[in-house]
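Participant: I would like to see how this sequence folds:
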Amino acid sequence: MIHDSNGRENEIDLVVAAQFITPEHIARMRQHAGGLICLAIDDSLAQKLELKYMHDILSSSDNFDSDSKKMIMGTAPYGDHPTFSIYINHKQTYTGITDRDRSLTIKEMSELYNSDEPKSKFLSSFKTPGHVPILIASQGLLAKRKGHTEMSIYLAQLAKLSPITAICEMMDAQTYSALSVEKAEQYAKDNAIPFINGKELLEFAKACKVPGIFDMPLIIDKLLQKKDVDGVVTLGAVIKGQTKHDEVIANSTARNITKLSMKYQKPVTLGISGPGMSERQAYARIRPVSENAVNAVQKIYNEIKRLSK
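Facilitator: All right, here's what the predicted structure looks like:
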């Protein structure tokens, strides 16, 4: 479940990776969410399939006169452009609207991502109009647009899954409006479904990622040069190998990071597990080590401010 933000749609969507979709998922979305069940795809697949946004398709259509084109919504009330493209059914569906039919359409679309010839397979396997609306995520994802479409695709990428998802807005049958955050969080708790705050996801997306611990000092140096960066938290793990190489790298990196903290007079904390740990030990320490590092950088920053007065 993903909540975008209070300042945007302020809605919560149920999200399922398209490659794992089942009729049961569609039934849950229909019965427990109640919004529009959509299929979100990333921009790269949309380009391969030569799909366009619906507002662009209608704007360039010769079948719409100039007066009718005034109806076309290029910007939603909350400020973003709509991500709707065409509606489709898989060719093996009957009406296309049943839970089984829609799950088939969505699952078969997920197969296109790893296809050698996605467009030819798309044209031969799907029909339009249909009952599953395609949403195209913006190129650049959260850097360009901060909607459920982009957030769900970003999550799929983080999980190393095909960037294709099924999403559905959660409605409230008592208030006849979008389900409140409080009710959504309770639903998530009752049904053991992860609840993701969009703001936290956006903050995570801003995090700098490096291939290994040895690469951290260079990125930290660049970050500390920025006036709007007050401190840096490093997160990661150093796994024990067959030699003492992990200890050498970890100690060298720690010294370099300490030097950078002194150079720029800004706190840099080590939220890094290891060295000398197995993968199991490192995973077990991720949360406590990370939380301690975040708390430490905040305390050090406040103390530096106090001493600077």
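Participant: now the helices for the stretch 1-150 of the chain?
Facilitator: Counting by DSSP state H, counting those that start in this stretch, the stretch 1-150 of the chain has helices at residues 23-28, 43-49, 54-59, 99-111, 118-125, 148-158.
Participant: pipe those helices into a markdown table and attach mean neighbour count and mean pLDDT per row.
Facilitator: All C-beta spots, glycine's among them, are computed from the backbone N, C-alpha and C. Listed next are the helices of the stretch 1-150 of the chain as a markdown table, based on neighbours: other CB atoms under 10 Å; pLDDT from 0 to 100:
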| stretch | mean neighbour count | mean pLDDT |
| --- | --- | --- |
| helix 23-28 | 17 | 98 |
| helix 43-49 | 18 | 96 |
| helix 54-59 | 16 | 94 |
| helix 99-111 | 22 | 97 |
| helix 118-125 | 14 | 97 |
| helix 148-158 | 23 | 94 |
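Participant: what would those look like in JSON lines with distance to Met277?
Facilitator: Converted to JSON lines, the helices of the stretch 1-150 of the chain look like this (distance: least, CB to CB, whole Å):
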{"stretch": "helix 23-28", "distance to Met277": "38"}
{"stretch": "helix 43-49", "distance to Met277": "37"}
{"stretch": "helix 54-59", "distance to Met277": "51"}
{"stretch": "helix 99-111", "distance to Met277": "36"}
{"stretch": "helix 118-125", "distance to Met277": "42"}
{"stretch": "helix 148-158", "distance to Met277": "23"}
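Participant: now do stretch 202-221: everything it contacts.
Facilitator: The contact list for stretch 202-221 (CB atoms under 8 Å, 6 or more residues apart in numbering) reads 141-143, 146, 154, 223, 232, 234, 236, 238, 249-250, 252-253, 256-257, 260, 268, 272.
Participant: I meant to write stretch 1-9 there.
Facilitator: Against stretch 1-9 from outside (CB under 8 Å, 6+ apart): 10-15, 78-80, 146-148, 151-152, 155, 167, 170, 178, 181, 184, 187-188, 193-199, 201.
Participant: out of these, list just those in strands.
Facilitator: Using DSSP state E, Ile12, Asp13, Leu14, Val15, Ile167, Ala178, Ile196, Asn197 are the members of those that sit in strands.
Participant: count the residues that sit near the third one.
Facilitator: What it means is Leu14. 25 (other CB atoms under 10 Å).
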